[in-house]
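> can't give you the sequence, but here's the structure:
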């Protein structure tokens with residue numbers, strides 16, 4: 001690749017100047033198109049990470065590229081006190097998708113969207129306490145980290161926001177006991193991501209709605225990973241016949257451009273000016289990219305494709321049940337995990353060697369987040385290679 005550093009130079013550059021926050025995978029990605037990426041040495045991979053569920057339309061999707069290019073040539077930044085067409089169009093569409101009667105705050109990431117919901121819950125209810133599920137992951141900023149379950153993430157930075165009560169996921173009776181008159185909000189993922197790709201039950205989600213209504217707490221769904229069509233519906237909560245008081249989005253919303261959104265029922269939006277904000281939130285560049293993503297999902301009927309391809313791919317993964325290290329495959333739409341009888345780390349490295357990029361979801365789960373535009377041929381190939389590494 002002309003005018004590019006070689007792989008060793010790239011490794012050395014990041015190792016020298018980057019804080020030690022990430023476990024590197026040993027390859028440097030250089031380009032991408034559709035469901036494929038290429039590393040700095042020209043090797044091709046099927047990308048089932050998509051930047052942790054970010055590039056939902058694949059890499060360099062023409063609609064996203066065109067929207068970004070057009071907006072760069074018009075206006076890249078517009079602080080919230082000034083009106084902007086792209087921002088307004090995006091907010092209108094998100095409210096419509098939520099079901100109306102709502103307001104939106106735009107930010108830059110999933111953890112920021114959760115932070116906005118945390119503050120909104122305290123502002124509206126005038127209560128301090130929160131309830132979150134065991135094995136939940138809601139982000140790493142101080143507020144969102146308070147809800148995140150794993151001790152290794154929280155312990156070095158405590159004391160954090162609290163009090164936070166933990167309840168078992170899909171435990172209806174435990175949930176009913178956890179939410180009280182002191183609870184500002186209950187935060188739940190419709191499918192636990194870091195918790196091992198574990199979908200909620202309909203009974204659990206309906207109980208969550210009922211107990212929050214009964215106790216006057218807000219029900220907040222963290223759909224940073226499950227939202228924007230990842231499960232085959234735009235919001236995963238649509239599978240359960242339950243609507244939350246607030247929902248947090250990010251990741252795939254911008255198709256690769258950083259953006260977050262907190263959508264909440266109009267009645268609970270009791271913020272007053274300057275109580276919360278974001279310098280880059282709702283900037284025209286990110287909003288234009290998000291509008292292109294939403295238009296493409298609708299125009300190309302990608303929710304239907306995600307649903308059908310998810311069922312197909314899950315079937316392929318379940319067919320590996322005879323493999324010696326395979327335990328279970330589960331998930332919703334194109335948010336799928338394979339639980340193993342051995343640590344996932346070494347299997348992820350083997351997948352890379354064989355041309356597939358995947359993610360962990362806990363210690364023994366391999367997570368697949370392919371782009372919505374992925375071909376059946378690529379799904380077949382991923383399942384075939386997964387079979388090879390767990391044989």
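Arrived safely, thanks for sending. Here the structure is a predicted model, which means the values were calculated and not measured.

> and stretch 78-97, what's buried?
For stretch 78-97, a neighbour-count test (16 or more other CB atoms under 10 Å) marks 78, 80, 84, 86, 87, 89, 90, 91, 93, 94, 95, 97 as buried. C-beta coordinates here come from the backbone N, C-alpha and C atoms, glycine included.

> find the nearest non-adjacent residue to residue 363, please.
In this structure, residue 363 finds its nearest non-sequential neighbour in residue 343, 5.9 Å apart by CB to CB, 6 or more residues apart in numbering.

> mind listing the residues bridging to residue 247?
residue 221, residue 263 (DSSP bridges).

> rewinding a little: relative to residue 226, how far out is the residue nearest to residue 363?
Counting by CB to CB, to the nearest Å, the gap from residue 343 to residue 226 is 25 Å.

> looking at the two, which one has more neighbours?
Set residue 343 next to residue 226 and count neighbours by other CB atoms under 10 Å: residue 226 wins out with 30 against 11.

> wait, that one touches residue 192, no?
No: using CB atoms under 8 Å, residue 226 is not in contact with residue 192, being 9.6 Å away.

> where in this structure is pLDDT low?
Under the criterion pLDDT under 70, the flagged ranges of the chain are 1-3.

> tell me how it divides into domains.
According to automatic domain parsing, the chain is divided into the following domains: 7-61+301-389, 75-299.

> so which of those is the most surrounded?
Burial of those is given as mean neighbour count (mean count of other CB atoms under 10 Å); domain 75-299 ranks first at a mean of 20.

> first-to-last residue distance for that domain?
26 Å (CA to CA, to the nearest Å).

> could you do stretch 130-141 as well?
Start-to-end span of stretch 130-141 (CA to CA) is 16 Å.

> then stretch 175-185?
Start-to-end span of stretch 175-185 (CA to CA) is 12 Å.

> what residues does it touch?
117-118, 121-122, 124-125, 127-131, 165-167, 186, 204, 207-208, 211-212, 215-220, 245-246 (CB atoms under 8 Å, 6 or more residues apart in numbering).

> which members of the residues you listed occur in helices, if any?
When DSSP state H is applied, the contacts of stretch 175-185 are split such that 117, 118, 121, 122, 124, 125, 204, 207, 208, 211, 212, 215 fall in helices.

> of all those, which comes closest to residue 23?
Residue 23 has its nearest neighbour among the ones in helices among the contacts of stretch 175-185 in residue 118, at 28.2 Å by CB to CB.
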